[in-house]
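Asks: coords please:
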Amino acid sequence: MTEYIQCFACGAKSLNIDGEVHKYMLSSPGCWVMFTEVLAREYSDLTYWKGHQFTVDAYACQHVRKKEDRRALNSVNIHLVSLYCIFELGLGQEEAPKLRAKFSQFHKGKNSLEWLERV
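Replies: Numbers count the residues shown, from 1 in each chain. Got it, this is the predicted structure:
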C-alpha cells in the first residue's frame, strides 16, 4: 500500500520514501521527487514551459533551509524578488531569469542579504 506524508516544508502530500533532496532547499524526499517530475515535464513539453519560472521560484521560497546557510539565504531572497517583480511590478516571465542573474551577481560575496521571517 502506498503511504503518503506531508512535506514538513510546504505541506504538500507526497510519497513517504527515502531518497535524496536538494543540497540547500529543505524538503521531504517525496516532495523533491514531485518537484523534479514537474521540472522534467516542463523541460520536455513546451506547453508546460510557460509555468517554469513560477515553479522554480515558488518551490525555492517554500523549501528554505536554515538561515545560517548563506546559499539558502541568497536563494530565497533571489526567488522572492523574482516573484515580487513578476506579480507586483509586471515583469514578464521571460525577463525573470535575467533579473535573478543580475540580482545574484550584484549581491555575490557581499553578504548583504538578510533573513526574512515568515509573517
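Asks: need the contact list for Met34.
Replies: Ala12, Ser14, Leu15 (Cβ atoms under 8 Å, 6 or more residues apart in numbering). In short, each C-beta sits where N, CA and C put it, glycine included.
Asks: all strands in the protein, in order from the N-terminus.
Replies: Ranges of strands in the chain, per DSSP state E, are 4-6, 13-15.
Asks: let me know which of those strands is tucked in deepest.
Replies: Ranked by mean neighbour count, the strands of the chain are led by strand 13-15 with a mean of 16 (mean count of other Cβ atoms under 10 Å).
Asks: reformat the strands of the chain as JSON lines; add distance to Ile78 and mean pLDDT.
Replies: Output for the strands of the chain, formatted as JSON lines (distance: least, Cβ to Cβ, whole Å; pLDDT from 0 to 100):
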{"stretch": "strand 4-6", "distance to Ile78": "27", "mean pLDDT": "95"}
{"stretch": "strand 13-15", "distance to Ile78": "25", "mean pLDDT": "94"}
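Asks: what's the closest of the ones you listed to Gly90?
Replies: Closest approach to Gly90 among the strands of the chain (Cβ to Cβ): strand 13-15, 33.2 Å.
Asks: name the strands paired with the closest one and say parallel or antiparallel.
Replies: Paired with strand 13-15 in the same sheet, following DSSP bridges, are strand 4-6 (antiparallel).
Asks: need the contact partners of the strand it pairs with.
Replies: Ala12, Lys13, Ser14, Leu15, Asn16, Ser28, Gly30.
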